[in-house]
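S.K.: structure for the following, please:
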Amino acid sequence: MILRDIAHVRTGDKGDTSQIAVFAWRAEDYPLLMRTVTAARISQHLPHLVCRRIERFELPGLNALNFVLEGALAGGVTRSLALDPHGKTLGAQLLDMPIDGECL
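M.R.: Reported below is the predicted structural model:
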């Protein structure tokens, strides 16, 4: 199973910081998100990012996790040579992260 099977994402950015919010489609899948979608796993799944820090915020009332990836956008929109300086595709890439039994 991959993350997109149980969740959807919204992304945002400010300067060189990207934000990815991961929302469980169903409330009963939120505990699985809590166990398997961690800052360390995001770092492993997106190894091309050189973040200063990845911080996770839990939003149980929304069945969501919010991740703040400091430094993920290589200086931000006006300074980066990246094809996606706003970081919009990071959420799509994250949705391909495996969350099967090996993570439990």
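S.K.: show residues contacting the helix or strand of the chain with the lowest mean pLDDT.
M.R.: Lowest on mean pLDDT, DSSP states H and E among the helices and strands of the chain sits helix 88-94, with a mean of 84. Applying CB atoms under 8 Å, 6 or more residues apart in numbering, the external contacts of helix 88-94 come out as 3, 9-11, 18, 20, 22, 42, 45-46, 49, 69, 72, 84. In this view, the C-beta of every residue, glycine as well, is placed from N, C-alpha and C.
S.K.: try it again with 6 Å
M.R.: By CB atoms under 6 Å, 6 or more residues apart in numbering, the surrounding residues in contact with helix 88-94 are 9, 11, 18, 20.
S.K.: adding distance to Asp29, write those residues out as JSON lines.
M.R.: Below are the contacts of helix 88-94 laid out as JSON lines (distance: CB to CB, whole Å):
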{"residue": "Val9", "distance to Asp29": "14"}
{"residue": "Thr11", "distance to Asp29": "20"}
{"residue": "Ser18", "distance to Asp29": "24"}
{"residue": "Ile20", "distance to Asp29": "17"}
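S.K.: need the max-distance pair from those residues.
M.R.: Comparing all pairs in the contacts of helix 88-94 by CB to CB, the longest separation belongs to Val9 and Ser18, at 11.3 Å.
S.K.: between the two, which has more neighbouring residues?
M.R.: Higher neighbour count among Val9 and Ser18: Ser18, with 26 against 19, using other CB atoms under 10 Å.
S.K.: helices or strands up against the helix or strand harbouring the more buried one?
M.R.: Per DSSP states H and E, Ser18 falls inside strand 17-24. Where contact means 3 or more CB pairs under 6 Å, 6 or more residues apart in numbering; DSSP states H and E, strand 17-24 is packed against strand 7-14, strand 64-70, helix 88-94.
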